[in-house]
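Colleague: Kindly generate the corresponding structure for this input.
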Amino acid sequence: MSIRIVIADDHGIVREGLRSLLGKQQDMEIVGEAADGRKALELVRELMPDVVVMDITMPNLNGVDSTRQIVGEFPNLKVIALSMHSCTMFVADMIKAGASGYLLKDCLFDELVEAIRIVCDGGTYLSPGVISVVVNDYVNRLTTTSHRPLESLTDREREVLQLIGEGKNTKQIAMRLHVSTKAIEANRRKIMEKLHTQSIADLVRWAILGGLTSLEVGPVER
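Modeller: Next up, the predicted model:
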């Protein structure tokens, strides 16, 4: 039986390359593609794949929060992060969110194929380039009690913060999340309280520094 795979990456050329290469494996089948984390979640619910190959920095819903929601709903599904980011924050956040693997985009294609097979067999796969990052993060967590403010946010508050960081206004966020503008205003106030911020500009900085969005996402919408 083929391993059913969904590819989630906001760069079309990456999705096309992965689809072409993975599709040549006799034991693998690409069943869906997503350009953002929210679409990835929708495809998982619709197609029930075995594995999601997940980018991290994507619009609408980033890979970390998408992974957390996917694994929360489908504990047996495997998520493999495929990212250009090798810093502690991204690696640790993806593993904490429930990812079974983490590879860097400069890895060889054969490594990705191996990782997919390993996680489907119940294992975990980390690129050699990120193993030291995980070890160092673990040591740091043992030796410090520092608190990361974004960890205090709920899943919905993180979604709202990401969309604020992407330049969406209150009405646009409400439409995107299918809730009232009053609900979004309440979320924003709560986020500001938790992050001790006073302005939208501060929230945008938090979204970028926290890895929820990036300067690459696109023009600010008002």
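Colleague: counting contacts, what elements does the helix or strand harbouring residue 95 pack onto?
Modeller: With secondary structure defined by DSSP states H and E, residue 95 is part of helix 88-97. If you count contacts as 3 or more Cβ pairs under 8 Å, 6 or more residues apart in numbering; DSSP states H and E, helix 88-97 packs onto helix 63-73, strand 78-83, strand 101-104, helix 128-143. Backbone N, C-alpha and C define where each C-beta goes, glycine included.
Colleague: what are the ranges of the strands in the protein?
Modeller: Assigned strands in the chain, in chain order: 3-8, 28-34, 51-54, 78-83, 101-104, 125-126 (criterion: DSSP state E).
Colleague: can you pull the buried residues of the longest one?
Modeller: Buried residues in strand 28-34, defined by neighbour count with 16 or more other Cβ atoms under 10 Å: 28, 30-34.
Colleague: can you redo those residues as TSV with distance to residue 183 and pLDDT?
Modeller: Shown next, in TSV, are the buried residues of strand 28-34 (distance: Cβ to Cβ, whole Å; pLDDT from 0 to 100):
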residue	distance to residue 183	pLDDT
28	41	96
30	37	97
31	34	97
32	30	97
33	31	98
34	26	98
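Colleague: Tell me how this structure divides into domains.
Modeller: If you go by automatic domain parsing, the domain ranges for the chain are 3-142, 149-209.
Colleague: Out of those, which is the most enclosed?
Modeller: Most buried of the domains of the chain, by mean neighbour count (mean count of other Cβ atoms under 10 Å): domain 3-142, with a mean of 19.
Colleague: how far does that one sit from the chain's center?
Modeller: Relative to its chain's centre, domain 3-142 lies at 8 Å (Cα atoms, centre = their mean, to the nearest Å).
Colleague: I'd like the helices and strands packed on helix 88-97 as a markdown table, with mean pLDDT appended.
Modeller: Output for the helices and strands packed on helix 88-97, formatted as a markdown table (pLDDT from 0 to 100):
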| stretch | mean pLDDT |
| --- | --- |
| helix 63-73 | 96 |
| strand 78-83 | 96 |
| strand 101-104 | 94 |
| helix 128-143 | 67 |
